[in-house]
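Participant: Fold the following and give me the result.
(5 chains)
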Amino acid sequence: MTPEEIKNKIQTALPGTALKWVRDTLLIENPQDLPKVANFLKTSEEFRFDYLSSVTGADYLQYLEAVYHLYSMEKKTGPFVLRARVGRDQARIPSLVPLYRGAEYQEREAYDTYGIIFENHPDLRRIFMWEGFEGFPMRKDYVQEDSEILEASDIEWLEKHQVQVPEGMKKRAEELKKQGRRAVAERPGQPEPQ
Amino acid sequence: MGISLIAGVATVTLPNIFHATLSLVAALLGIAGIYLILHAEFLAVIQVLLYVGAVVTLIIFAIMLTEGISNKTIAQRNKLGPAAVGGAVVFLAALWGVIRSTPWPIQGGTSENSYATLASLAGSLLGDYIFPFEVISVILIAVLIGAIVIAKKDSV
Amino acid sequence: MIFGSGVLRSMLITLKNFFTSYFKGPEEGGIFTVEYPETRLPEKERFRNFPFLVYDRNPENLRCVACDICAKECPPKCIYIVREFDKEGRPLKRPAVFDIDFTVCMNCGICEEACPFDAIYMDHEFEIAGPERQSRLLYHKDDLLKSNEYFHKIRPTDATAIDQQRREAEEKKKAAAEAAAKAKQPD
Amino acid sequence: MEKIFSARDPSALNTETLEINFGPQHPSTHGVFRMNIVCDGETVVSLKPVMGYLHRNHEQIAENMSYAASMPYTDRLDYFNSMSNNFGYSLAVEKLANIEVPERAQYIRVIMAELTRLVNHVSVIGFLLNDLGAFFTPVLYAFREREKILDIFEEVSGARMMCNYFRFGGVKYEIQPHILQRIKEIVKKFPKFLEEFEALLSKNEILCMRCQNVGVLPKELAVSASITGPMLRASGVDYDIRKVDKYSIYGRFKFRIPLGEKGDVYDRYYVRILEMHESLKILDQALKDIPATGELVSKKMAPFLKSPRNFKPPVGEAYGRVEAPKGELGFYVVSDGTPQPWRYHVRAPSFINLTILEDMCLGHKIADVIVILGSVDIVLGEVDH
Amino acid sequence: MDTRFPSEKAYPFDSESSVGMKTEKIFSMQTLDQIFIIAKKIILGVTGHFLPDWACLLTSILISISAIAVLGPFTMMYLTLLERKVIGRMQNRIGPNRVGKWGLLQPFADGIKMLTKEDIVPLEADKVIHFLAPLFIVMPALLVFAVIPFGRNMTAVDLNVGLLFFIAVSSTTTIAIFMASWSSRNKFSLLGGMRSAAQMISYEIPMVLSVVPVIMMAGSLSTNSIVEAQSRWHGLKWFVFTPWGFLGFIIFFLCAVAECNRSPFDLPEGESEIVAGFHTEYSGMKFALFYMAEFMNSFTLSGLAVTLFLGGWQGPFLPSWIWFFLKTYALIFVMIWFRGTLPRVRVDQLMGLAWKFLLPLTLANLLVTGFWYFTSRPVRIAGSMVLLALAFWILTKLNRDVVPEKRVYHFAE
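Facilitator: The predicted structure follows:
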């Protein structure tokens, strides 16, 4: 089946869904259509994509994307890749957990790292990061907040061992020390050589 | 004797139910000691085996399974103290009559094999008192079967 | 099958191993423990632990030219290099500082692969444990320098091949220089 | 009256439900895994896995470095089988950049991947038995054999566990004839060990009592929950990526896929044993057919070995998956034409196989939870990636 | 208090010594056999010259007690070493081998480590009970040494209800385990305690019932007379060589393993499930006391099994106490062997095994023993064997859920 045929088949079965081929994958233009399309792909005799291998997010700066890799265990075909794009601010995609149990943790992971909110997910919590963590670490604009801070004692130690520490870092550490605060952040593995 | 008395008092007065049970153990062990002094070794051993080894164990098992018992904040006393004291007094009064009517020999039987040895106990259980013995065993079997039936119910 | 025979069978297996452990070699169910400090497993040539720097003849003559490629390629970024400058401030082809933080290094061997000057190799030395975490495991240039002979000792095949390559490259270079010189002469 | 004695309804017999925190420091959660278990007596009423104690954002680390530099990091995903992790990643990147792998390198890869499978399966069975309460005997028998294979790995790649052996378009080192000879010997002796191992375990009544009909995973649920690997096959679903995708040169070998009947812990255990037998068959064939000489890395990729930073795959994306010993290991790589991947995602099998843990454990005893967890076969490096 | 110590009793020794005079060899054998008794006699004889009677009695008691008090912990220390060595060998390892030759000083190193370790008491713990539990667990373990006949005339207290005394005292161990588990306020401890309670209660019943045939045949509850009853055939007519004795021995031994919480019935401290069970929150010497109790229990229970079924100290050629220790250590070896081989059973299966399998089997055994008692020789051997085999077979059929299923595995091409 050529890509066009597949697309037409889906569109005839589900009128009103806007689809587009991007890099051999099917982009669902309106994310709300996702469960419909997935349900069709899972149940239709022709495709039987009953196995959701991977769910992941991706950040393309203008938008966030959720990518689904579908396979068929029955027909041993695949992969068939679905993607849905959402804006960075209103990242809401209907969850596929009712269709595929296997999406449960993967969607939680995508939520944890990219902040895509999966609607109707039974238990959408952070999975790897701790509760109360702020921000979504896999987004490209995420800045690790404390990476620039070293403890004053660390800097001392580093300098004693002839490791050059950037001036900015030193200053920040001094400031914190004056305020009587201890920089909580960990020392980044090894300060980047200049 | 003193130990078992103190432990007995502790059993009913301690605020913590687990501590109370432990003092019950002490009381029962004290009684076993009394039996030993009276040369009723078999009785002493049975006392330890049944009361300490089995009955108290079951009590503790029940305590542990009870909701919230390991929670320190739950009050573990009830307001039945006066009633219990009253009950004890009535019981003591009833006992008093028995104590009065018992002829207390000054010298206890010096021979240790005159009573309460294993053989004589077995002889009287299976000889003179065979009928009550059998009745008890029938009742026990009934209890056993009943317990099995109740336990079986939820595994269906 | 009688109930309990499976258990008896597995118990026979352990009993067999109990006895063979006294009489047989490690291949037939004997003891396979290696009593470490006294006996050791044979060293594998390709075994890689932490990197070291190779020098030819004397420590002054090290191969590293402070090109910083290994530091860039190092996945956990544990290499730190500062180039040496002469008195006039011109860069020299040797490092002034070459530090490797062994607490961070993950023994992947990418520095060895990436080095274009055959200067950094993976060592076999693994007994570097010490009571102190930070200063003991930050290796400086002097700790890292090891001779080419040492390299030959631990990895004879690789070292010979690399020496061969270097000699060829040298000869080629010499030949090229000669050719260039020859080409220049007529002018 | 009837309700009082029904153990099914936890509220009826007013016993206390205990909330127990299993882990992260617990002897048999296979690392720093944590489960919040609510149990009634010893029966599990609810179970919530908590993970992330070993989270190091592997994906972001990989997105911040060159393609080749994350190869050693893939070793640390599932630190029991670094070779199959390498395999999956190089497969994905080879798909992305359209790289052919030379013949000899293909064979070496298959040999290494199958040896890894042996290593993984024996140790998993050993650890499962440890969870069952056997005092380390199966583990040490398993490790006795595992050592031999790890020695091979050390000799070939330079490291016992963190091999970092595969390169895009091939493998890093030559594999000498005497090593191949030793692998042959191991393959020849392995069935004897498996026989002993099985005699120790398979028919043991206690093991059967503990494992049979415990943690049953029905077929439909397994498929829907994206379970893969031996766990899926133990539930009776015929799906093996080596057969389905025929990646690398798996299409050339003759082997069978063992299928379980019920999908309980015993099936998972036994399917692993049978898979080892099949792996030995593959190894036998591969060792017979491996070409004596040949290049190790494709010509296209050879220059990039020295300068990984210059390797820039064309813009595009690829999803490469292999049948790792624990299940389907997938790597999703998106390239934007720079030396660093734009998006790098790992589909970690043991992470996804955990989705179903609660369903399998409900109604069982606490001791069973440990066994079921052991039969899922997780490695926390991979779960928490 | 019972005061009938062996030293006060008339031994057969005096009459036998005349037999021993005949040849030098037998005489030395006799001396060797009674060496401890003689030593005690000498001490008492010396002290008897200048001490009053009550002090003599006290010394006699003290000697017996101190012998046990030394033997108990010493057994425990070397059992740990033995266990580690044997399991190591079963796993193709060496076991401890660094402290002293063959690791012989390892127990002392462990002891020093235990003593110097920090003693941690959880903040929320019930401090008094937390402190008392390890003491209460060691007490019964030491008490039961009193009725074990270590050799000819070597029973510290020859109670006429010795066997019952043993069972009764060892049943109080449960209380100590409860105290430990409850007072630590740890959920794993609590689970361990509950498991232990259920296990102890369940296994005590088949254990006691499996002993009953022995009591029936020996006609006494005293451990000494039970040993005496097995003295024919040059001390080789052990109860274990009869069908009922064989079955009783196996059941008793299984129950003993369960009673002292050893693998495969080590649920109360199941390491892979509930961390360490009731002693999760113990450290240092208190923890060592728990261990000591466990090992001493396994020693005494093996000793009791030897006494009841394996002829106690009876045996040809060797001195009686050597026979006793040989047999006991053989049984301990089997316990260690179990630990090195078998996985742990689950709690409900444990209960099922006790109530549905062992208990009916012991009852059947009881009946068979009666049959044995009342029939003549050719009939009784064949008859009781057949009956027991029948009972076993019926019970396996009835307990279908524990019998392994046969599985068939398919292959997909």
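
Participant: use CA for all of it now, contacts and neighbours both
Facilitator: Noted.

Participant: lowest-pLDDT helix or strand in chain A?
Facilitator: Across the helices and strands of chain A, the lowest-confidence element by mean pLDDT, DSSP states H and E is helix A:152-160, at a mean of 68.

Participant: show me what contacts the residue nearest in space to the middle of chain D?
Facilitator: Chain D has D:Lys326 as the residue nearest its centroid, 2.4 Å off, counting by Cα atoms, centre = their mean. Counting by Cα atoms under 8 Å, 6 or more residues apart in numbering or on different chains, D:Lys326 touches D:228-230, D:349-350, D:377-378.

Participant: can we see that at 6 Å?
Facilitator: D:Gly229 (Cα atoms under 6 Å, 6 or more residues apart in numbering or on different chains).

Participant: Please name the residues that touch the spatially most central residue of chain B.
Facilitator: Of all residues in chain B, the one closest to the mean position by Cα atoms, centre = their mean is B:Tyr51, 5.6 Å from it. Contacts for B:Tyr51 (Cα under 6 Å, 6+ apart) come out as none.

Participant: what's the spacing between it and chain D?
Facilitator: According to Cα to the nearest Cα, to the nearest Å, B:Tyr51 and chain D sit 24 Å apart.

Participant: Now do C:Cys115 against chain D, distance only.
Facilitator: 7 Å.

Participant: Next, work out how far apart the closest residue to E:Pro149 other than its chain neighbours and chain D are.
Facilitator: Distances taken as Cα to Cα, 6 or more residues apart in numbering or on different chains put E:Thr155 closest to E:Pro149, at 4.4 Å, once the chain neighbours are dropped. Counting by Cα to the nearest Cα, the separation of E:Thr155 from chain D is 36 Å.

Participant: cool, and B:Phe91?
Facilitator: For B:Phe91, the distance to chain D - Cα to the nearest Cα - is 34 Å.

Participant: Please report how far that residue lies from E:Leu359.
Facilitator: Counting by Cα to Cα, to the nearest Å, the separation of B:Phe91 from E:Leu359 is 41 Å.

Participant: same thing with D:Leu280?
Facilitator: Using Cα to Cα, we find D:Leu280 at a distance of 47 Å from E:Leu359.

Participant: Between the two, which is the more surrounded one?
Facilitator: Neighbours per residue (other Cα atoms under 10 Å in any protein chain shown) separate D:Leu280 from E:Leu359, with D:Leu280 holding more: 24 against 21.

Participant: tell me the pLDDT at that one?
Facilitator: You'll see D:Leu280 listed with a pLDDT of 90.

Participant: just D:Asn120 next, same as before
Facilitator: Confidence score, pLDDT, at D:Asn120: 90.

Participant: secondary structure element for it?
Facilitator: In the assignment (DSSP states H and E), D:Asn120 maps to helix D:103-132.

Participant: mind listing what's buried in whatever helix or strand comes next after that helix?
Facilitator: Using DSSP H and E, the next helix or strand after helix D:103-132 towards the C-terminus is helix D:137-157. Buried positions in helix D:137-157, judged by neighbour count with 16 or more other Cα atoms under 10 Å in any protein chain shown: D:137-146, D:149-157.

Participant: Where do the strands of the chain begin and end?
Facilitator: Let's take chain A. A:19-22, A:25-28, A:51-59, A:63-72, A:77-87, A:92-94, A:117-119 (DSSP state E).

Participant: that's the wrong chain, I wanted chain C
Facilitator: Taking DSSP E, the strands of chain C run over residues C:51-55, C:79-85, C:91-101, C:120-122, C:138-139, C:145-147.

Participant: Does the third one reach chain A?
Facilitator: No. Against chain A, strand C:91-101 shows no contacts by Cα under 6 Å from any Cα of the partner chain, the least distance being 8.0 Å.

Participant: For that strand, list the C-alpha coordinates in PDB.
Facilitator: The C-alpha coordinates for strand C:91-101 follow below in PDB (Å, rounded to 0.1, in the frame of the first residue of the first chain):
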ATOM      1  CA  PRO C  91      51.700  28.300  21.800                       C
ATOM      2  CA  LEU C  92      53.900  25.200  22.100                       C
ATOM      3  CA  LYS C  93      52.900  21.800  20.900                       C
ATOM      4  CA  ARG C  94      52.600  20.300  24.400                       C
ATOM      5  CA  PRO C  95      50.200  20.500  27.300                       C
ATOM      6  CA  ALA C  96      51.000  22.600  30.400                       C
ATOM      7  CA  VAL C  97      48.200  20.900  32.300                       C
ATOM      8  CA  PHE C  98      46.700  17.600  31.500                       C
ATOM      9  CA  ASP C  99      44.300  16.400  34.100                       C
ATOM     10  CA  ILE C 100      42.000  13.500  34.100                       C
ATOM     11  CA  ASP C 101      39.400  13.100  36.800                       C
END
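
Participant: Mind listing the strands that strand pairs with, and their directions?
Facilitator: Sheet pairing of strand C:91-101 (DSSP bridges) gives strand C:79-85 (antiparallel), strand C:138-139 (antiparallel).

Participant: would you turn these into TSV with mean neighbour count and mean pLDDT?
Facilitator: Formatted as TSV, the strands paired with strand C:91-101 follow (neighbours: other Cα atoms under 10 Å in any protein chain shown; pLDDT from 0 to 100):
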stretch	mean neighbour count	mean pLDDT
strand C:79-85	19	80
strand C:138-139	17	78
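
Participant: how about these in CSV, adding distance to D:Val50?
Facilitator: Output for the strands paired with strand C:91-101, formatted as CSV (distance: least, Cα to Cα, whole Å):
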stretch, distance to D:Val50
strand C:79-85, 36
strand C:138-139, 36
